[in-house]
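Q: structure for the following, please:
(one chain, ligands or ions: 1)
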Amino acid sequence: MKERQGQRSYPEREAPENPSGVHPLAAGVLRRNSLESWTKPAPNLYPHQWSWDSAFIALGLAHLDNQRAVRELETLFAGQWSTGKVPHVIFNPDAPPKSYFPDAERWNSSALSEHAPRSARTSGLCQPPVHAIAVARIWETARGKDERHAERARAFLRGNYPRLFAWHRYLATARDPEGSGLVTIYHPWESGTDNSPRWDAALEGVEVGEVPPYPRHDLQHVRDPSERPSIREYDRYLWLLELLKRARYDEATVYEAHPFLVKDVLFSAILVAANEALLEIAEVVEAPDEERALIVRWIERARGGLEGCWDEGLGLCVDYDVRGARPARVRTVAGLAPLIAGGLAPERLRTQLGVLDSHHFAGCPGLKWPLPPSTSPDEVGFHPRSYWRGPTWPVANWLIWWSLLRAGEEDRAARLRRTSLDQLAEGGFAEYFEPFTGEPLGSDDQSWTAAVALDMLAAGENGA
Ligand code: 9WN
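A: Presented below is the predicted three-dimensional model:
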């Protein structure tokens, strides 16, 4: 990963339509954050490679430069653990000192676990598995071009499929020893929605011990500390990390003693969608029938598991705190997990769409844009400026938009797409937005924000 910033120039392709010049601006964000074979999630706040960011980035890059999208994922998968786990961060040895914490030394994963890769330094956690969805997009964009492009993409799929399969198998086994169809996370960072009130009750049950001192480099990169998780939350994050280290990142040991084990419905739903993408990939690479049958079983089992987390009163799915043996009844966008997992009966789909449009989410009076806040404004844990406690996140909008298309809800998807692009045309490629004022928050020039805009633009008005 020895590269200098800003070396890439992506061929600018004419976008199907281009509200207020979003396309060249989005391509510019990815170009500036690019380090040749991978992309920083943000210019300063996140100087390493993050797992689900890279998957979203590859989705956007697929439309600009298919081979660069391939390299993004190849670089990420080079850090895969022998268990199949794709780590949530791959550390950039050339990142400026004191730019992000916890750093590679704090994780110390290669010294602690025989399963960690030797060639790259990584964290010991994982993040939602958007990767197969990105790989499928690389294939879809390449096969529409000439045979040379298609063959190169096919070769990538052949090489990448076994890695994707091992990743999904790890999630279906090590992360679901109960066979429930639902993925267990060990840390809020694994959810990708770090300080969401989804985790408040489970974190309350964690008794924080002696945490070695740590810096908050992240706070240098935002205008106001309230945009980032609080010190209390960070103490818990760092304590959980210490416990995972004591367990040497060993799955069975973690499962036995770790105080934070939660069945994450959003993670599980993304895995269903990713398994559908994996089936498409399996078809292209002519994977063995047994593997395809297993993927189908994972999909069915997970849809069943999500059904078991359905909360009739909320019209949402809710996470399950394994340690506390109770559901986390909180209204957040993660509750749209059934919509994201797909394959819904018409009645269930109607309920989810009704909740999405309702005053709890996109229909909340006073919103700047009719886009769902990450946490419903009527939740006690809601905070309009604090990270996943309320702001609108463009990646979440992308997930919902894409799920609406898959559910055959083209008109609704078109409206959401138009609104999301308008938000970015006005507010830029912020990490997230204050839902009532529309103020851009967190980092500017966030890569995945630019990437999802490119994917939405490429799809055209009808998601074609
Ligand atoms: C911790 C990089 C990542 C995203 C996560 C987002 C945030 C990190 C942090 O940034 O998490 O992993 O420092 O807050 O919550 O979804 O992948 O953009």
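Q: which parts of the stretch 151-300 of the chain sit against the ligand?
A: For the stretch 151-300 of the chain, the contact set with the ligand under CB under 6 Å from any ligand atom comprises 189, 192, 194, 218. For the C-beta atoms, the positions are set from N, CA and C on the backbone; glycine is no exception.
Q: out of the residues you listed, grab the one that's most surrounded.
A: Within those, neighbour counts (other CB atoms under 10 Å) peak at residue 192, which reaches 26 neighbours.
Q: list the contacts of that one.
A: Residue 192 makes contact with 52, 127, 128, 266, 267, according to CB atoms under 8 Å, 6 or more residues apart in numbering.
Q: give the contact list for the fourth one.
A: Applying CB under 8 Å, 6+ apart to residue 266 gives the contacts 128, 191, 192, 193, 333, 334, 337, 340.
Q: turn those into TSV, including pLDDT, distance to residue 33 and secondary structure.
A: As requested, the contacts of residue 266 are exported to TSV (pLDDT from 0 to 100; distance: CB to CB, whole Å; DSSP: H, G, I helix; E, B strand; the rest coil):
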residue	pLDDT	distance to residue 33	secondary structure
128	99	21	coil
191	98	23	helix
192	98	18	coil
193	98	22	coil
333	98	25	helix
334	98	27	helix
337	98	30	helix
340	98	26	helix
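Q: which of these sits closest to the ligand?
A: Distance to the ligand across the contacts of residue 266 (CB to the nearest ligand atom) is lowest for residue 192, with 3.6 Å.
Q: and that closest one, how close does it get to residue 81?
A: Noted for residue 192: a distance of 18 Å to residue 81, by CB to CB, to the nearest Å.
Q: ok, residue 123 next?
A: 11 Å.
Q: identify the contacts common to the two.
A: By CB under 8 Å, 6+ apart, the residues touching both residue 123 and residue 81 are residue 87.
Q: more crowded one of those two?
A: residue 123 (28 against 21).
Q: who are the neighbours in contact with the closest residue in space to the more buried one that isn't next to it in sequence?
A: Distance criterion CB to CB, 6 or more residues apart in numbering; nearest residue to residue 123, sequence neighbours excluded, is residue 89 at 4.1 Å. Shown in contact with residue 89 (CB under 8 Å, 6+ apart): 48, 49, 50, 51, 107, 122, 123, 125.
Q: please compute how far stretch 431-444 lies from its chain's middle.
A: Its chain's C-alpha centre and that of stretch 431-444 lie 18 Å apart, by CA atoms, centre = their mean, to the nearest Å.
Q: dump that stretch to PDB, restricted to CA.
A: Only the C-alpha atoms of stretch 431-444 are listed here, as PDB (Å, rounded to 0.1, in the frame of the first residue of the first chain):
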ATOM      1  CA  GLU A 431     -20.600  11.900   5.500                       C
ATOM      2  CA  TYR A 432     -24.100  12.700   6.900                       C
ATOM      3  CA  PHE A 433     -26.600  15.500   7.200                       C
ATOM      4  CA  GLU A 434     -28.600  17.200   9.900                       C
ATOM      5  CA  PRO A 435     -32.200  16.000   9.000                       C
ATOM      6  CA  PHE A 436     -34.000  19.300   9.800                       C
ATOM      7  CA  THR A 437     -31.600  21.900   8.600                       C
ATOM      8  CA  GLY A 438     -29.800  19.900   5.900                       C
ATOM      9  CA  GLU A 439     -26.400  21.000   7.300                       C
ATOM     10  CA  PRO A 440     -23.600  18.800   6.100                       C
ATOM     11  CA  LEU A 441     -21.900  17.000   9.100                       C
ATOM     12  CA  GLY A 442     -18.900  14.800   9.800                       C
ATOM     13  CA  SER A 443     -16.300  14.600   7.100                       C
ATOM     14  CA  ASP A 444     -16.600  16.500   3.800                       C
END
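Q: neighbouring contacts of it?
A: Applying CB under 8 Å, 6+ apart, the set of residues contacting stretch 431-444 is 41-46, 221-223, 227-228, 364, 366-369, 371, 373-374, 377, 384-385, 387, 390-394, 423, 426-430, 446, 449.
Q: among these, name the ones in helices.
A: Judged by DSSP state H, helices contain the following of these: 394, 423, 426, 427, 449.
Q: check what pLDDT the first one gets.
A: At residue 394, the predicted lDDT confidence score is 98.
Q: which two of the residues of the stretch 151-300 of the chain next to the ligand lie the greatest distance from each other?
A: The span of those, defined through CB to CB, is set by 192 and 218 at 15.7 Å.
Q: apart from its neighbours in sequence, what residue is nearest whatever residue of the stretch 201-350 of the chain ends up closest to the ligand?
A: Using CB to the nearest ligand atom, the closest approach of the stretch 201-350 of the chain to the ligand is made by residue 218 at 5.6 Å. In space, and not counting its chain neighbours, residue 218 is closest to residue 228: 5.4 Å by CB to CB, 6+ apart.
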